[in-house]
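> Model the following, please.
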Amino acid sequence: MTRRFGVTIDCRHPTSLAHFWCEILGYIEDPPPDGFQSWAEYDTANGVSAAEADSGCTIIDPAGTLPRIYFQQVPEPKSGKNRVHLDVVASEQHRWADVAAAADRAVELGGSVVRESDDANDRFITLTDPEGNEFCLVL
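The predicted structure is shown next:
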């Protein structure tokens, strides 16, 4: 049996980090519930404080097939290496130029390149998002 799942990422700034990942993955912010024009409108109607409203942000695959990702505010900064990271396929046509361009775009958005694999049989670029979470762009 295949099970659906989501991913939760602890972070300091959920909304800005969610926007970074929307750009990297082609995701969108989860739309507000029916009957509301925005999450702010929904929050106000349900007595959610501004601080509570800014404590999390969910992004989704527009096609509705890939996992949803929730960014959860935590008080402490990232302190060590990730135990889990995302490998993002950056080229459906298996072109290294596409992977390099995706890495350049991630850097423009606030990410950082950590290293590039020089193994011809396993090419990837390891980066960090703006809060230091590692991920790889792969062929």
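> CA atoms for contacts and neighbours, from now on please.
Noted.
> could you dump stretch 95-105 to CSV, C-alpha only?
Listed next in CSV are the C-alpha coordinates belonging to stretch 95-105 (Å, rounded to 0.1, in the frame of the first residue of the first chain):
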residue,chain,number,x,y,z
ARG,A,95,21.3,18.0,-18.9
TRP,A,96,24.0,19.3,-16.6
ALA,A,97,23.4,22.8,-17.8
ASP,A,98,19.9,22.7,-16.3
VAL,A,99,21.3,21.6,-13.0
ALA,A,100,23.9,24.4,-13.0
ALA,A,101,21.2,27.0,-13.9
ALA,A,102,19.0,25.7,-11.1
ALA,A,103,21.9,26.1,-8.7
ASP,A,104,22.5,29.7,-9.9
ARG,A,105,18.8,30.4,-9.4
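> which residues does the residue most central in space within the chain contact?
The centre of the chain sits closest to W21, judged by CA atoms, centre = their mean, with a distance of 3.0 Å. Residues touching W21, when contacts are defined by CA atoms under 8 Å, 6 or more residues apart in numbering, comprise Y27.
> Report the buried residues of the one helix or strand in the chain whose mean pLDDT sits lowest.
Every helix and strand in the chain was compared by mean pLDDT, DSSP states H and E; the lowest is helix 50-53, with a mean of 82. Residues A53 are the ones in helix 50-53 that count as buried (16 or more other CA atoms under 10 Å).
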